[in-house]
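**Q** here is a sequence together with a model predicted from it:
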Amino acid sequence: MTAPNRLAALSAQQLTDGYAAGAFSPVEAVTAALERAGAAQERTNAFTLIDAEGAIAGARASEERWRAGRPAGPVDGVPVTVKDLLLTRGSPTLRGSLTLSPDGAAWDEDAPSVARLREAGAVFLGKTATPEFGWKAVTDSPRNGVTGNPYDPGRTSGGSSGGSAAALALGAGPLSLGTDGGGSVRIPASFCGVFALKGTYGRVPLYPASPFGTLSHVGPMTRDVVDAALMMDVISAPDPRDWSYLGPVTGSFQAALAEPVAGLRVAYSPALGWDVPVAPDVAAAVRSAVEKLASLGAHVEEADPPIADPVEAFHVLWFSGAARVVEHLDPAGRELLDPGLAEICALGARYGALDYLAAVDTRMALGTAMGRFHTTYDLLVTPTLPGTAFAAGVEVPPGSGFDRWTGWTPFTYPFNMTQQPAATVPCGLDRDGLPIGVQLIAARHADALVLRAAHALYEAGVAGVTTA
């Protein structure tokens with residue numbers, strides 16, 4: 001492995017340790033990450049923008065701080081990518097849509113999570129691809145085209161943070177910021193063999209508010225749990241622009257990783273008690289990960305949460321949010337939309353206030369049921385997805401019979417409705433060499449517990465499959 005590629009494979013913690021020791025510089029590390037970003041773009045179309053000039057300038061400034069012994073924070077000089085739904089100062093945020101123009105705003109403001117990373121010295125490589133306005137669980141858009149999977153570019157990277165997952169898996173920086181509305185950091189992370197955390201809603205500040213309301217979370221995407229905990233310690237800091245922010249964190253997410261999983265009460269649910277056809281390779285890999293938790297001292301039993309599939313209520317909330325996104329567009333603007341997005345917007349516009357409130361009632365009942373469930377079990381473990389990556393450029397697996405992306409993501413969107421923390425951990429490959437993910441879910445506010453259990457799987461050798 002060449003020296004630049006060696007640096008591109010290092011974690012954020014390894015990079016900052018190397019900077020402190022003078023073993024290599026931020027400029028060298030960022031140059032290596034830019035090389036991998038170019039390769040990721042060529043292979044998968046992961047980026048909407050690679051800002052090489054800005055990244056090198058940021059790396060040089062970081063290098064000066066390290067030489068002076070005054071790094072700005074725990075990620076000073078670490079390459080980061082940002083999903084093109086999050087405001088990033090100096091770069092247009094076009095959300096995969098032809099209805100937005102790079103000249104349509106000053107682009108002079110950072111989203112809260114981006115601002116905290118910038119303050120801590122992170123170096124931004126560029127913006128990563130998303131479906132239009134993040135509306136679906138695969139990454140293709142009218143503006144940016146199709147993003148492929150790093151394991152097989154003819155297959156999907158998932159979505160809506162598919163560009164972030166593909167870039168990470170191919171070494172374009174150890175850290176990425178994504179958003180999760182119905183599984184949209186966990187789904188692409190599972191398909192691309194990396195780690196992702198959807199924190200408790202409000203744990204990471206978000207601004208502007210998502211049109212999808214409190215379904216949408218900001219979360220870290222990384223190649224290991226240590227880096228995710230490091231990111232959470234940075235991006236969960238307060239921001240006055242988010243009125244729904246939960247408040248300061250007690251303790252450190254990084255420190256919580258050292259706690260054991262022995263004694264945890266774990267419910268393993270192979271299909272949530274629903275009629276979900278899980279691929280045999282997926283089922284076997286997830287069961288093996290659960291068995292590893294048991295071998296580490298967790299008390300595991302097979303148990304399903306007492307919930308029904310809330311997909312209809314989710315559709316009311318999600319489709320209504322989509323309709324709100326495009327409400328201002330004239331007929332000519334609507335002609336520019338992804339046809340699938342246009343379809344759900346039309347459906348969403350037909351819902352009334354009582355439909356929306358009924359969906360909220362379903363959501364509250366679901367949250368109550370899961371709250372009670374977690375008085376018995378600390379963790380719920382499921383497959384992240386029933387299968388592995390399918391053909392790129394389509395919303396649903398060919399021949400599946402599903403109408404919308406929610407048909408093949410039954411394990412993820414329910415826990416956006418309940419606002420619970422959930423992570424996906426890579427736990428193996430299927431017979432076609434495609435990544436499989438196991439999902440860990442805990443009660444609201446137990447983000448550190450999810451990270452701790454995920455870290456135990458990494459330490460035990462269950463996780464860590466990437467192409468980098």
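**A** Right, received. Where do you want to start? Only a predicted model underlies this, so the values are computations on that prediction, with no experimental measurement involved.

**Q** now what about the helix ranked longest in the chain, what contacts it?
**A** The residue-count maximum for a helix in the chain (DSSP state H) belongs to helix 353-373. With contact meaning C-beta atoms under 8 Å, 6 or more residues apart in numbering, helix 353-373 is reached by 267, 305-307, 310, 312-314, 316-317, 320, 380, 414-415, 417-420, 443-444. All C-beta atoms are positioned from the backbone trio N, CA, C, and that covers glycine.

**Q** so which of those sit within helices?
**A** Short answer: the contacts of helix 353-373 in helices (DSSP H) are Glu312, Ala313, Phe314, Val316, Leu317, Ser320, Pro414, Phe415, Met417.

**Q** of those residues, grab the buried ones for PyMOL.
**A** This is how PyMOL selects the buried members of those, with burial counted by 16 or more other C-beta atoms under 10 Å:
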select buried, resi 313+314+316+317+320+414+415+417
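
**Q** make JSON lines out of the ones in helices among the contacts of helix 353-373 and add distance to Val82 and pLDDT.
**A** Output for the ones in helices among the contacts of helix 353-373, formatted as JSON lines (distance: C-beta to C-beta, whole Å; pLDDT from 0 to 100):
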{"residue": "Glu312", "distance to Val82": "33", "pLDDT": "98"}
{"residue": "Ala313", "distance to Val82": "31", "pLDDT": "98"}
{"residue": "Phe314", "distance to Val82": "26", "pLDDT": "98"}
{"residue": "Val316", "distance to Val82": "30", "pLDDT": "98"}
{"residue": "Leu317", "distance to Val82": "26", "pLDDT": "98"}
{"residue": "Ser320", "distance to Val82": "27", "pLDDT": "98"}
{"residue": "Pro414", "distance to Val82": "27", "pLDDT": "98"}
{"residue": "Phe415", "distance to Val82": "24", "pLDDT": "98"}
{"residue": "Met417", "distance to Val82": "26", "pLDDT": "98"}
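
**Q** which two among the ones in helices among the contacts of helix 353-373 are spaced furthest apart?
**A** Among the ones in helices among the contacts of helix 353-373, the pair separated by the greatest distance (C-beta to C-beta) is Ser320 and Phe415, at 19.7 Å.

**Q** about what we covered before: between the ones in helices among the contacts of helix 353-373, which sits nearest Ala453?
**A** Looking across those and measuring by C-beta to C-beta, the closest to Ala453 is Phe415, at 15.1 Å.

**Q** how much space separates Glu459 from Phe402?
**A** Separation of Glu459 from Phe402 (C-beta to C-beta, to the nearest Å) stands at 37 Å.

**Q** which one's more surrounded, the two?
**A** Glu459 (16 against 13; other C-beta atoms under 10 Å).

**Q** for Glu259, give me its contacts.
**A** With contacts taken as C-beta under 8 Å, 6+ apart, Glu259 has the following neighbours: Arg452.

**Q** what about it, distance to Ala229?
**A** Glu259 sits 12 Å away from Ala229, taking C-beta to C-beta as the criterion.

**Q** again, but for Arg65
**A** Distance of Arg65 to Ala229, given as C-beta to C-beta: 23 Å.

**Q** when these two are compared, which one has more neighbours?
**A** Under the criterion of other C-beta under 10 Å, the comparison of Arg65 against Ala229 puts Ala229 first, with 25 against 17.

**Q** now do the contacts for that one.
**A** By C-beta under 8 Å, 6+ apart, the residues touching Ala229 are Ser252, Phe253, Gln254, Ala256, Leu257, Leu451, His455.

**Q** so it is in which element?
**A** helix 225-235 (DSSP states H and E).

**Q** correct me, but Pro208 touches Leu86?
**A** No. Pro208 is not in contact with Leu86 according to C-beta atoms under 8 Å; the separation is 9.8 Å.

**Q** who has more neighbours, the two?
**A** Between Pro208 and Leu86, counted using other C-beta under 10 Å, the more crowded position is Leu86 (23 against 11).

**Q** tell me the centre residue of this protein?
**A** Nearest to the mean C-alpha position of the chain, counting by C-alpha atoms, centre = their mean, stands Val185 at 2.1 Å.

**Q** that one reaches Leu197, doesn't it?
**A** Yes. Val185 lies in contact with Leu197 (C-beta under 8 Å); the separation is 7.3 Å.

**Q** which parts of the stretch 151-300 of the chain are strands?
**A** Here the stretch 151-300 of the chain has its strands, by DSSP state E, counting those that start in this stretch, at 175-180, 195-198, 217-222, 265-268, 299-302.

**Q** tell me the one of the ones in helices among the contacts of helix 353-373 nearest Trp107?
**A** For the ones in helices among the contacts of helix 353-373, the nearest to Trp107 is Ser320 (28.3 Å; C-beta to C-beta).

**Q** and Leu7, how many neighbours?
**A** By other C-beta under 10 Å, 25 other residues sit near Leu7.

**Q** mind listing what the residue nearest to Ala29 when sequence neighbours are not counted touches?
**A** Excluding its sequence neighbours, the residue lying closest to Ala29 (C-beta to C-beta, 6 or more residues apart in numbering) is Leu7, at 4.8 Å. Contact analysis of Leu7 by C-beta under 8 Å, 6+ apart lists Leu15, Phe24, Glu28, Ala29, Ala32, Ala33.

**Q** which pLDDT value goes with the residue sitting furthest away from the middle of the chain?
**A** Within the chain, the residue lying farthest from the chain centre (C-alpha atoms, centre = their mean) is Ala68, at 34.8 Å. As predicted, Ala68 sits at a pLDDT of 98.

**Q** cool, Pro248 as well?
**A** With respect to pLDDT, Pro248 has a value of 89.

**Q** for the closest residue to it other than its chain neighbours, give its distance to Pro74.
**A** Among residues not flanking Pro248 along the chain, Pro238 sits closest, at 6.3 Å (C-beta to C-beta, 6+ apart). Distance, Pro238 to Pro74, using C-beta to C-beta: 17 Å.
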